[in-house]
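K.L.:
sequence unknown, structure follows:
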Ligand code: GH3
Ligand code: MG
Ligand code: MG
Ligand code: MG
């Protein structure tokens, strides 16, 4: 077993943002090289939305990536440095920004200009001079569509019982991190966690208490990782999985042991467990690192599964890697 040296809690370049929907007002980013135009649109929308603004491409792309992300971008086309079409193309090409709807608001009023904007992926196109009521209505429509999409995404990627990310979200992130790892050559670790003798828990305390236990374990596990890129998900049943980018064997075992300690500290009574008088975890850890490479993300999962099986065989309430 590796010694448990400290893992620095530095932020990773990609944030594995949890699938959450913000509850504050929707944000609109208004982009125009002329402040007077920005002002006119902002005046129209500021009572209903949080407004942020940019007068050039660089600022636009920066604001589009920064949390809280805009829910809609109103984009001018004619601008001195980079035109709105080029900005739209960049927004749509980037995974981090492609889901933000764009409405062009422009002096270009020819059919081919509008067609080009829509072909680039814009949600709508408004030519100037505009009618304020129509602008407001089109903006409202796009924002409500965006919020509905966010909600569906949240439902699709979050586990309903424990409210932590689900297996689908985990598998998506695992693929992304595996691809990122193969470009940049850093270690990637995985923990498979299984509650010990949980069937006996359900049998004796009832299924409702079992559900509550799963919720409390999930919430406690989710609090452990220090880095934004770490991900704790419910894999299914009473199994959880943890993805640890840029983390080697030492770091992974450290996080795993912290998780076991966190659940011990919760001290959820399990009088019928042959292992202890409270809920315990078995954990299998696997890692892909230069001195110990793994061939695929699937192989990484299988290795964690095998280690988990060994943890069970060796008596449970332990971490094996
Ligand atoms: P082991 O230590 O070998 O892991 O034993 P175990 O009893 O935990 O393993 P087993 O796979 O036999 O049983 C898992 C139990 O988890 C059975 C199942 O009813 C329970 N379970 C799975 N999902 C849920 C759930 O959503 N709610 C509740 N209450 N129980 C669940
Ligand atoms: Mg302009
Ligand atoms: Mg199990
Ligand atoms: Mg179990």
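P.N.:
Thanks, I have it. The model shown is predicted, which means the values in this text are computed figures rather than measured ones. Residues are numbered from 1 along each chain as shown. Ligands and ions are numbered 1, 2, ... in the order given.

K.L.:
contacts, neighbours, all on C-alpha from now
P.N.:
Fine.

K.L.:
what does this protein put close to ligand 4?
P.N.:
Proximity of the chain to ligand 4, by CA under 5 Å from the ion, involves residues 194-196.

K.L.:
from those residues, list just the buried residues.
P.N.:
Buried members of the residues of the chain next to ligand 4, counted by 16 or more other CA atoms under 10 Å: 194-196.

K.L.:
turn these into CSV, columns for distance to residue 168, secondary structure and pLDDT.
P.N.:
Formatted as CSV, these follow (distance: CA to CA, whole Å; DSSP: H, G, I helix; E, B strand; the rest coil; pLDDT from 0 to 100):
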residue, distance to residue 168, secondary structure, pLDDT
194, 18, strand, 98
195, 21, strand, 98
196, 24, coil, 98
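
K.L.:
going by distance to ligand 1, which of those wins?
P.N.:
Distance to ligand 1 across those (CA to the nearest ligand atom) is lowest for residue 196, with 3.4 Å.

K.L.:
from residue 260, how far off is the closest one?
P.N.:
From residue 196 over to residue 260 the distance is 12 Å, taken as CA to CA, to the nearest Å.

K.L.:
shared neighbours, the two?
P.N.:
280-281, 317 (CA atoms under 8 Å, 6 or more residues apart in numbering).

K.L.:
for residue 52, phi and psi?
P.N.:
Phi and psi for residue 52, reported as degrees, to the nearest 10, are phi -130, psi 160.

K.L.:
quick one, longest helix in the chain?
P.N.:
In the chain, assigned by DSSP state H, the helix with the most residues is helix 132-157.

K.L.:
in the stretch 101-250 of the chain, which residue sits nearest ligand 2?
P.N.:
Distances between the stretch 101-250 of the chain and ligand 2 by CA to the ion are smallest at residue 106, namely 7.3 Å.

K.L.:
just to check, that residue is in contact with residue 117?
P.N.:
No. Shown here, residue 106 and residue 117 do not form a contact pair, counting by CA atoms under 8 Å, at 10.4 Å.

K.L.:
count the residues that sit near the residue lying closest to residue 210 once chain neighbours are set aside.
P.N.:
Sequence neighbours aside, residue 202 is the residue nearest to residue 210 in space, at 5.3 Å (criterion: CA to CA, 6 or more residues apart in numbering). Residues lying near residue 202 (other CA atoms under 10 Å) number 16.

K.L.:
and residue 202, what's its pLDDT?
P.N.:
With respect to pLDDT, residue 202 scores 97.

K.L.:
can you list contacts of the helix or strand harbouring it?
P.N.:
Residue 202 is part of helix 198-205, with elements assigned from DSSP states H and E. Residues from elsewhere that reach helix 198-205 (CA under 8 Å, 6+ apart): 209-210, 238, 270, 272-273.

K.L.:
looks to me like residue 39 is in a helix.
P.N.:
Yes. With DSSP: H, G, I helix; E, B strand; the rest coil as the criterion, residue 39 is assigned to a helix.

K.L.:
buried set for stretch 124-138?
P.N.:
Neighbour-count burial for stretch 124-138, counted by 16+ other CA under 10 Å, picks out 124-127, 135, 138.

K.L.:
can you give me the end-to-end span of that stretch?
P.N.:
Stretch 124-138 has its terminal residues 8 Å apart, counting by CA to CA.

K.L.:
next, the contact list for residue 123, please.
P.N.:
Neighbour list for residue 123: 101-103, 142 [criterion: CA under 8 Å, 6+ apart].

K.L.:
about what we covered before: out of the contacts of helix 198-205, name the ones that lie in strands.
P.N.:
If you go by DSSP state E, the contacts of helix 198-205 have nothing in strands.

K.L.:
just the buried ones from those, in ChimeraX syntax?
P.N.:
To isolate the buried members of those in ChimeraX, using 16+ other CA under 10 Å:
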select :210,238,270,272,273
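
K.L.:
can I get the contacts of helix 198-205 in a markdown table with pLDDT and distance to residue 292?
P.N.:
Output for the contacts of helix 198-205, formatted as a markdown table (pLDDT from 0 to 100; distance: CA to CA, whole Å):
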| residue | pLDDT | distance to residue 292 |
| --- | --- | --- |
| 209 | 98 | 41 |
| 210 | 98 | 38 |
| 238 | 98 | 29 |
| 270 | 97 | 38 |
| 272 | 96 | 39 |
| 273 | 96 | 36 |
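
K.L.:
which of the contacts of helix 198-205 sits closest to ligand 1?
P.N.:
Nearest to ligand 1 out of the contacts of helix 198-205 is residue 210 (CA to the nearest ligand atom; 3.6 Å).

K.L.:
ok, residue 39 to residue 52 distance?
P.N.:
Distance from residue 39 to residue 52, by CA to CA: 11 Å.

K.L.:
which of the two has more residues huddled nearby?
P.N.:
Between residue 39 and residue 52, residue 52 has the larger neighbour count (other CA under 10 Å), namely 17 against 14.
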